[in-house]
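Participant: give me coordinates for this.
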Amino acid sequence: MAKAIHSMIRVLDEARSLAFYNTAFGLKVADRLDFETFTLVYLSNPESSFEVELTINKGRTEPYALGDGYGHLAVSVGDVNAEHARMTAAGLAPRKLIDFAPAGSVIARFFFIADPDGYQIEVLQRGGRYL
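Facilitator: Predicted coordinates:
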C-alpha cells in the first residue's frame, strides 16, 4: 500500500517561505538538497511524518502562476480559535473562521491562510475525520 510522504510546492523566495511555514505551522528544515539549478527543502514538525517540500528554482525572479484551480494543503490543530488568533497577531493575515454546516450540524471549523507565494492552506479544528 502507498504511504503519502510529502507534497511539493514551488516558491520564489526561500527565506520568506521558511519564515512563514515556521511561524504559521512550526515546520522546520528536515533536509536540504542543493543542485546546480534548483534546491529542495523538506519541512516537517513532530506532529506528523508528512513533509512539505519547497522547490526553489535558482535564478527565477517571476512569481509562479498558480492557475485557477483551488488546490490546497490542509493541517489540523488542537484549537483552531487560538491558532487563528496567534496567526493574526503574527501578521500572517488568516481569513475568517468558518463553521461548515451543510446539513445544519457543524462538521468542520476552519480557516484558510495563504503562504507568501499564494498557496492556500486550510487549518481545521482537530476532530472527527480531521485528526
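Participant: just the strands in this protein please.
Facilitator: 6-10, 28-34, 38-45, 48-57, 72-77, 98-100, 108-114, 120-125 (DSSP state E).
Participant: of the ones you listed, which is nearest Gly91?
Facilitator: Smallest distance to Gly91 across these (C-beta to C-beta): 11.5 Å, for strand 108-114. Yep, even glycine has a C-beta here, placed from its N, CA and C like the rest.
Participant: quick one: list the elements packing against that closest one.
Facilitator: In terms of contacts (3 or more C-beta pairs under 8 Å, 6 or more residues apart in numbering; DSSP states H and E), strand 108-114 is packed against helix 80-89, strand 98-100, strand 120-125.
Participant: quick one: which of those is nearest Val29?
Facilitator: Minimum separation from Val29 across those (C-beta to C-beta) falls at strand 120-125, 18.1 Å.
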